[in-house]
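Novice: What would the 3D arrangement of this be:
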Amino acid sequence: MPAEKVPEPVKTNGVTNERGKIITEVEDDEDNLSPDDLSELLAEGTKKSHDRAENCQFVKDFLRGRIQRELFKRGTVALYFVYTAMEEEIERNRDHPQFAPIYFPTELHRREALARDLEYFYGEDWENQVTCSPGTQPYVDRIHEVGREDPVLLVAHSYTRYMGDLSGGQILKKVAQRALKLPSSGEGLHFYQFEGIHSTKAFKQLYRSRMNELEMDQETKERIIAESNLAFKFNMGVFTELEEAGKSIKEEVLDAGFPGHGHGDMDGDINKFPYYSAKMVASGNTNFACQLAMMLLRHPVGQMVLASWAAAVAGLAAWYLM
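Specialist: The predicted structure follows:
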């Protein structure tokens with residue numbers, strides 16, 4: 001009798017979902033993408049929204065490290081209410097056939113991390129001190145409406161928020177940590193720490209692959225694109241509210257971010273703007289690289305972080321070009 005054929009072991013990336021199923025590893029699938037894939041349609045269909053969002057004054061100030069502590073706290077409060085609403089609706093619809101494949105609560109959910117950040121900033125009774133702001137409430141209401149009446153549109157909100165957090169979160173974390181002089185141990189910045197994800201690049205590939213495999217017609221895809229643009233609009237409403245609040249807050253801020261370059265040189269993708277410096281260095285812009293180094297050397301702690309920052313920029317450049 002012929003020897004029984006032993007099946008090859010399943011190749012994984014170490015990620016499991018809450019139901020204990022192993023998530024198979026996705027190889028670099030950039031060459032296998034089709035213009036009709038949802039991830040590609042979303043990238044193309046939200047370009048203008050990306051551009052408008054990255055040019056909000058609040059976002060540009062954040063990138064430069066000009067962050068008021070009070071505004072950062074309020075922004076964290078806004079995120080808490082947004083993610084609470086989104087994750088409540090995700091849980092409600094986790095078995096929906098057009099959402100279940102991208103249900104990754106262990107890897108992505110942010111509510112508990114934001115609660116820890118709010119406890120750091122406001123103390124143990126933080127829940128009695130925070131409320132959903134007028135600029136955030138429409139965003140929250142829309143997420144609940146979608147979850148109750150049209151769950152497939154949760155794909156738009158999940159993709160817009162989580163993929164953006166994974167793409168730029170680590171750089172924003174470092175900018176905020178320096179500007180606000182937050183502890184190196186991570187207090188106040190748990191939102192940016194995805195402890196359940198070992199490889200951000202591999203996970204994003206996996207997420208996009210799962211999303212592209214969702215069974216839906218072209219009309220549904222177009223509705224998801226429209227909802228993603230609406231999500232950007234809601235985010236900009238929160239940014240505008242924070243910007244207006246900042247005008248009445250008298251607080252010294254530390255310019256600890258990137259040099260004051262205009263953001264018109266970026267490619268219009270808010271998910272990539274934190275990598276602007278890496279992109280400039282990778283493209284051969286030596287003047288920018290020198291200016292970045294001089295900025296760090298002039299910073300009080302610049303000499304201590306220059307070596308690690310250079311390594312980070314090199315790593316990000318390699319990521320951007322892959």
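
Novice: For the rest of this, base every contact and every neighbour count on C-alpha atoms.
Specialist: Noted.

Novice: List the buried residues for the helix ranked longest in the chain?
Specialist: Taking DSSP state H as the criterion, the chain has its longest helix at helix 218-246. Within helix 218-246, the residues scored as buried using 16 or more other Cα atoms under 10 Å are 221, 224-243, 246.

Novice: helices or strands next to it in the packing?
Specialist: Other helices and strands packing on helix 218-246, by 3 or more Cα pairs under 8 Å, 6 or more residues apart in numbering; DSSP states H and E, are helix 38-45, helix 47-54, helix 57-63, helix 69-92, helix 137-149, helix 154-158.

Novice: redo that, cut-off 7 Å
Specialist: helix 38-45, helix 47-54, helix 154-158 (3 or more Cα pairs under 7 Å, 6 or more residues apart in numbering; DSSP states H and E).

Novice: In a markdown table: the ones you listed, plus distance to Arg69.
Specialist: Formatted as a markdown table, the helices and strands packed on helix 218-246 follow (distance: least, Cα to Cα, whole Å):
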| stretch | distance to Arg69 |
| --- | --- |
| helix 38-45 | 32 |
| helix 47-54 | 21 |
| helix 154-158 | 27 |
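
Novice: of all those helices, which lies closest to Met216?
Specialist: Nearest to Met216, of all the helices and strands packed on helix 218-246, is helix 38-45, at 9.5 Å by Cα to Cα.

Novice: what's in contact with that closest one?
Specialist: Pro35, Arg208, Met211, Asn212, Lys221, Ile225 (Cα atoms under 7 Å, 6 or more residues apart in numbering).

Novice: quick one, what contacts the third one?
Specialist: When you say that, I think you mean Met211. Leu38, Ile102 are the contacts of Met211 under Cα under 7 Å, 6+ apart.

Novice: That one and Glu70, how far apart?
Specialist: Met211 sits at a distance of 37 Å from Glu70 (criterion: Cα to Cα, to the nearest Å).

Novice: and if you look at the second one?
Specialist: Between Arg208 and Glu70 the distance is 35 Å, computed by Cα to Cα.

Novice: try Phe58
Specialist: From Phe58 to Glu70 the distance is 13 Å (Cα to Cα).

Novice: quick one, which of the two is more surrounded?
Specialist: Set Phe58 next to Glu70 and count neighbours by other Cα atoms under 10 Å: Phe58 wins out with 22 against 16.

Novice: Is it correct that Ala85 is in contact with Tyr139?
Specialist: No. If you go by Cα atoms under 7 Å, Ala85 and Tyr139 don't touch, sitting 9.1 Å apart.

Novice: between the two, who's got more neighbours?
Specialist: Counted by other Cα under 10 Å, Ala85 and Tyr139 do not tie: Tyr139 has more neighbours, with 24 against 19.

Novice: Quick check, that one in contact with Met236.
Specialist: No. The criterion here is Cα under 7 Å, and Tyr139 misses it with Met236 at 10.3 Å.

Novice: For the chain, which residues score under the pLDDT cut-off?
Specialist: Flagging of the chain using pLDDT under 70 yields the residue ranges 1-32, 250-322.

Novice: one more time with 50
Specialist: 1-28, 254-255, 258-293, 295-296, 303-322 (pLDDT under 50).

Novice: what would the helices and strands packed on helix 218-246 look like in TSV with distance to Arg64 and mean neighbour count?
Specialist: What follows is these, written out as TSV (distance: least, Cα to Cα, whole Å; neighbours: other Cα atoms under 10 Å):
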stretch	distance to Arg64	mean neighbour count
helix 38-45	25	17
helix 47-54	12	18
helix 154-158	27	22
